[in-house]
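>>> Dropping the sequence and predicted coords here.
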Amino acid sequence: MKTTETMEGKVVMVTGSAAGIGLACAQAFAKAGATVIMADINEPKEQAEKLAAEGFNAIPYRCDVSNAAAVKEMIDWIVATYGRLDAAHNNAGIQTPQRPMAEITDEEYNRTVAVDLTGVWNCMRYEIRQMLKQGGGAIVNTSSMGGTVGFPGQAAYIACKHAVLGLTKTASIDYAAKGIRINAICPGAILTPMAAELIQHNPQVETDLLRDIPAGRMGRPEEIADAVLWLCSPQASYVNGHALLVDGAYTVR
């Protein structure tokens, strides 16, 4: 099966798709033949228009995934407009300011949990309800290599990414017999705007990362997109409840 045919005719939603990994994934789904709803708190209008100008089906949608009512409204709109939701990539996330755990404020902690964990919870709840009605679907949640190991100064973020893996694994058991596959992607150090901002505030982060990545480089968003596309495609039909590390061998060093 050619890559360009893996999602032909499917309806797919990607959250956090204005930039970075989410944008790369939305582009990959569109180029694989899907109709892609590009959801982000910052409506990715220009990004969707660029894909549309290239002949692909991409639709921008503004949504705050931490708001359950807004997520339900989005899923309802997708189904009312396109009839179904075949796959979803719950990717929206934010980074906690890098400080030791006891120095992270309540506001910073609560906001990180609201987006990085509750946002995934909200999306999954309504995605699964729709997929049960239509007889199946595929969901990929963005965790992180930080969902499997710890990093200094990122307690709230890392706690959420660990929790996303627990949520993914448990939900995959709940719905495997219903035709719904739920997996997680665990990106390593990827050159995204979020990573660039972190490095800008602390250049030592990049030095430390490159020292510890056996591949000797940071990854590209497109490399994560390839993995997410595969997890949602028929080629991964028996892959369920898996946390796929794409990290240049960082976590096995």
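Ah, there it is.
>>> Leu85 reaches Lys10, doesn't it?
No. When contacts are counted by CB atoms under 8 Å, Leu85 is not listed as touching Lys10 (9.2 Å). Yep, even glycine has a C-beta here, placed from its N, CA and C like the rest.
>>> Which of the three states applies to Ile182?
When states are read from DSSP: H, G, I helix; E, B strand; the rest coil, the local structure at Ile182 comes out as strand.
>>> what is Pro187 paired to in the beta sheet?
For Pro187, the residues forming beta bridges with it (DSSP bridges) are Val246.
>>> Ala53 - how many residues pack around it?
With neighbours defined by other CB atoms under 10 Å, the count for Ala53 comes to 9.
>>> Ok, Val140 next?
Neighbour count of Val140, defined by other CB under 10 Å: 27.
>>> try the one 4 residues further on
Other residues lying near Ser144 total 28 when counted by other CB under 10 Å.
>>> Same question for Pro44.
As a burial measure, the neighbour count of Pro44 was computed by other CB under 10 Å and equals 26.
>>> for Ala58, same thing?
Ala58, neighbours per other CB under 10 Å, totals 26.
>>> What of Arg211?
Residue crowding around Arg211 was assessed by other CB under 10 Å; the count is 8.
>>> swap in the one 10 residues further on?
Here the neighbour count serves as a burial measure; for Pro221 (other CB under 10 Å) it reads 22.
>>> ok, now how distant is the residue lying closest to it once chain neighbours are set aside from Ala30?
Among residues not flanking Pro221 along the chain, Ala24 sits closest, at 3.6 Å (CB to CB, 6 or more residues apart in numbering). Counting by CB to CB, to the nearest Å, the gap between Ala24 and Ala30 amounts to 11 Å.
>>> What of Ala114?
29 Å.
>>> what about the two, which has more around it?
A count of neighbours by other CB under 10 Å puts Ala30 above the other of Ala114 and Ala30, at 24 against 17.
>>> The more buried one and Pro44 touch, don't they?
No. Checked against CB under 8 Å, the pair Ala30 and Pro44 is beyond contact range at 12.0 Å.
>>> Mean pLDDT per element in the protein, and the minimum belongs to which helix or strand?
Taking mean pLDDT, DSSP states H and E as the measure, the helix or strand of the chain with the lowest value is helix 193-201, at a mean of 79.
>>> Tell me which residue is most central in the chain.
Nearest residue to the geometric centre of the chain (CA atoms, centre = their mean): Asn91, 2.2 Å.
>>> residue boundaries of the strands in the protein?
Taking DSSP state E to define them, one finds strands in the chain at 11-15, 35-40, 57-62, 87-90, 137-142, 180-187, 243-246.
>>> now for those strands, which one comes closest to Glu108?
Checking those against Glu108 by CB to CB gives strand 137-142 as the closest, at 19.8 Å.
>>> same for the closest one, what does it pack against?
strand 87-90, helix 119-134, helix 155-175, strand 180-187, helix 221-232 (3 or more CB pairs under 8 Å, 6 or more residues apart in numbering; DSSP states H and E).
>>> most packed of the ones you listed?
Compared across the helices and strands packed on strand 137-142, strand 87-90 shows the largest average neighbour count, a mean of 28 (mean count of other CB atoms under 10 Å).
>>> Need the residues that contact it.
Contact with strand 87-90 is made by 7, 10-15, 22, 25, 29, 34, 65, 119-120, 123-124, 127, 137-142, 228, 232, as judged by CB atoms under 8 Å, 6 or more residues apart in numbering.
>>> rerun that using 7 Å as the cut-off
10, 12-15, 25, 120, 123-124, 127, 137-142, 228, 232 (CB atoms under 7 Å, 6 or more residues apart in numbering).
>>> got it, and stretch 58-76?
The set of residues that contact stretch 58-76 without belonging to it, under CB under 7 Å, 6+ apart, is 15, 26, 30, 36-41, 43-45, 48, 51-52, 85, 92, 114-115, 118-119, 122-123, 126-127, 130.
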